[in-house]
Structure formats: structure tokens, C-alpha cells
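Trainee: Need the 3D shape of this:
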Amino acid sequence: MIRFADRTAFTATLSALPEPGAAAIAAARTRQAELTKPAGSLGRLEDIAVFMAGWQDTPRPGIDRVQAVVFAGNHGVAAQGVSAFPVEVTAQMVTNFQAGGAAINALCRAAGADLSVVPLDLDRPTGDISREAAMSEAECLAALNAGAAAVSADTHLLLVGEMGIGNTTPASALCAAAFGGEAALWCGKGSGIDSEGVARKVMAVEQALALHLPNCSDAFEALRRLGGREIAAMAGAILAARMMRIPVLLDGFIACASIAPLVARVPDFAAHCLAAHCSAEAGHVRLLGHFGLEPLLQLGMRLGEGSGAATAVPIVRAALAAHNEMATFAEAAVAGG
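Mentor: The predicted structure is shown next:
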């Protein structure tokens, strides 16, 4: 199990990231060239198969276990009127997840993904980032380790999602801190707030940046000051997946924002990730551009929970089915092109 002993260990891990298996990538590409189809005719399905081969370090990658984890946390900044829902909804939705009644439950069932839910101190909202740091060093480290601990070593594909009323506000702040730009460029409607709510969100992010940005010297400090427990947990899970060479199917704006501080400091950090979709949240397309990732889907979704990632799982399954189950030209006695 991956665990970060302290913030120094977390930072050191970012300097020791494993790479995909070059030999497996080469072998997978060779196989793709030998399958009974014109070269490139399956488009991005071919790229996905090669990507999975590299991170699983085998020419014939599998997808027997898809793991989905939803992390939940509450935010002090919600008191600034940045969400359409009260903070009590976070705990209520966790109960709904556990009962199997949320969108992510249905989508994981359809995708054949194993879902778990990790609530993180829901009775203790983080600090209001417009006035103070979200977390202490110990709290941030605990959240990172909760995320890392949730990742199973036998996972073939990881999805992470979140639940936290008000969490598009810290997500927007993290993105602005990581990649620059006015707060308004990163702030959208989130849970469905009106224009006045968006204005309050922009103000909260501006205040947070003015207060914290001079001290966001590394990824840990950015997550500690501007993030939240479920946001740091997603970052810890995605980092742990990289260390275990587990491919990740990224969800929407908040899930991607969780690793914005990491990508800003290690540009290829998201090399083990596929972007499942581009959400309707204003900053997501801009964020994916900074990551250098092209989404698999664009369906106007903005729910969170890992829902976009779960929706994209069948695409990955299709890619590996074609890669592993098609006959080669030689096997089918078909003349190659």
C-alpha cells in the first residue's frame, strides 16, 4: 500500500514516478498492425489499447477489475453562498451512495465497476479558503493517505469521484493557482447556481488566491490551503495509482482539479490518465488543455461523483476487446494491406 509519511515524502514521490512499459507498448502496436483491419481504422480505440498495455506492462492488457471510489468532504467556503444546496446534502448523498440509489451506483453497475465510498470527517468542514487555509498539514496528509489507501493493487482501471457541497469553488481556486488566469475564467455554475451565486464564487476564489497564492510553494501546500479533504484524497489516489502503474479514467472538473497542482509541477504527471469526458463546467475544457488530454466523451454532464468516468468505461472495454479478441491476418488467413 502506498503511504506518504509526511509532506516531504509526498513531494519526493512526485520525483520518482514510474513510466509505462516501453516493450509492452511496442508489442501492442505490433499486434494492432497485425489485426484484421486497415491500420488506424479503429481510431482512438487503438490508442487506448496501447495506452493500457503500457501501464499494465503487458501486450494483452486486461480489464477484469474496474475500481471506482467516491470521496466525500465538506467545505467551510460553502457558507459564502457558492452552492445551490446546503452542506447537509453531502452526508445525505453519502447515505444514498451506500444504499445504491445514486447515479454513480447505476452507472457503475452498468459499467461493471466495483464502487466504494469514503466519507472524510463530514462533521468537520474544512476552513473557509477565502479566510483561512482549508486544512492543517496533518489533515491534508491524512486526506492524501486516505485516497492512497483506497486503491487496490489488483485494479486494472481506476475511477475516482467526489461529493462535497461547494467543492467547485476550491477546485476553481486550485486551477487558477496552478495555471493562472482570472478567477472568473475558472468559475462556473457548479450545482446550478444563478449569476449572483457565480459572482459570490468568483469573489471567494479571488479572496482565496490573494490570501494563499504567495504561500503555495508546492503541490502539497496548494492542496492544503486551497483544496478540501475529498479533493486531496483524489490526488492521493491518483498518485498512488501512478506509483502502482494503474491506469486512471479521469472524471470531470473537480477530479481533474485535484491533480492540477501536481501537473503544474510535473507536466507529465497525468500520463497514466485518460480523460473520460469534458464536463459542462466552465473551466474543464481549459484544464484538459493544460493536461494535454483529449476527452473520450462530451455529453454535457456536470454531476461529478465519477459519473462521467463510469460512463466511459465501456469504451475502454471495447478497445481491449478488439485488441485481445480480433484475429491477426495470419490467423484468419486474410491477405494484409
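Trainee: buried residues in stretch 324-331?
Mentor: If you call a residue buried by 16 or more other CB atoms under 10 Å, then stretch 324-331 has these buried ones: residue 326. The way it works is simple: take the backbone N, C-alpha and C, and place the C-beta from them, glycine included.
Trainee: That one - what's its average pLDDT?
Mentor: For stretch 324-331, mean pLDDT rounds to 96.
Trainee: what separates it from the chain centre, distance-wise?
Mentor: 34 Å (CA atoms, centre = their mean, to the nearest Å).
Trainee: quick one: contacts of it?
Mentor: 31, 34, 35, 36, 37, 60, 61, 62, 334, 335, 336 (CB atoms under 8 Å, 6 or more residues apart in numbering).
Trainee: how close does residue 95 get to residue 274?
Mentor: 31 Å (CB to CB, to the nearest Å).
Trainee: Among the two, which residue is more densely surrounded?
Mentor: residue 274 (23 against 12; other CB atoms under 10 Å).
Trainee: you'd agree the more buried one is in a strand?
Mentor: Yes: under DSSP: H, G, I helix; E, B strand; the rest coil, residue 274 sits within a strand.
Trainee: count of neighbours near the residue lying closest to it once chain neighbours are set aside?
Mentor: Nearest residue to residue 274, sequence neighbours excluded (CB to CB, 6 or more residues apart in numbering): residue 249, at 5.3 Å. By the measure other CB under 10 Å, the count of residues near residue 249 is 28.
Trainee: Over to residue 106?
Mentor: Look at residue 106: counted by other CB under 10 Å, it has 13 neighbours.
Trainee: where's it relative to residue 113, distance?
Mentor: 11 Å.
Trainee: so residue 111 makes contact with residue 316?
Mentor: No: Residue 111 is beyond contact range of residue 316, at 9.3 Å (criterion: CB atoms under 8 Å).
Trainee: Show me which of those two is the more surrounded one.
Mentor: Higher neighbour count among residue 111 and residue 316: residue 316, with 26 against 23, using other CB under 10 Å.
Trainee: Is it correct that the more buried one is in contact with residue 274?
Mentor: Yes: Residue 316 lies in contact with residue 274 (CB under 8 Å); the separation is 7.4 Å.
Trainee: Overlap in contacts, those two.
Mentor: 48, 249.
Trainee: in which helix or strand would I find the closest residue to residue 212 other than its chain neighbours?
Mentor: Using CB to CB, 6+ apart and skipping residues adjacent in sequence, the residue nearest residue 212 is residue 225, 4.1 Å away. In this assignment (DSSP states H and E), residue 225 forms part of helix 219-226.
Trainee: Show me what that helix is packed up against.
Mentor: Packed against helix 219-226 by the contact rule (3 or more CB pairs under 8 Å, 6 or more residues apart in numbering; DSSP states H and E) you find helix 7-13, helix 137-149, helix 168-179, helix 195-212, helix 229-243, helix 260-265.
Trainee: Compute the first-to-last residue distance for stretch 158-175.
Mentor: 22 Å (CA to CA, to the nearest Å).
Trainee: er, stretch 290-304 actually
Mentor: In stretch 290-304, first residue to last residue: 20 Å (CA to CA).
Trainee: What pLDDT does the model give residue 282?
Mentor: pLDDT recorded at residue 282 is 84.
Trainee: and the closest residue to it other than its chain neighbours, how many neighbours?
Mentor: Nearest residue to residue 282, sequence neighbours excluded (CB to CB, 6+ apart): residue 188, at 3.3 Å. A count of neighbours around residue 188, defined by other CB under 10 Å, yields 20.
Trainee: hang on, isn't residue 188 packed against residue 283?
Mentor: Yes: shown here, residue 188 and residue 283 form a contact pair, counting by CB under 8 Å, at 6.4 Å.
Trainee: what is in contact with the two at once?
Mentor: 172, 253.
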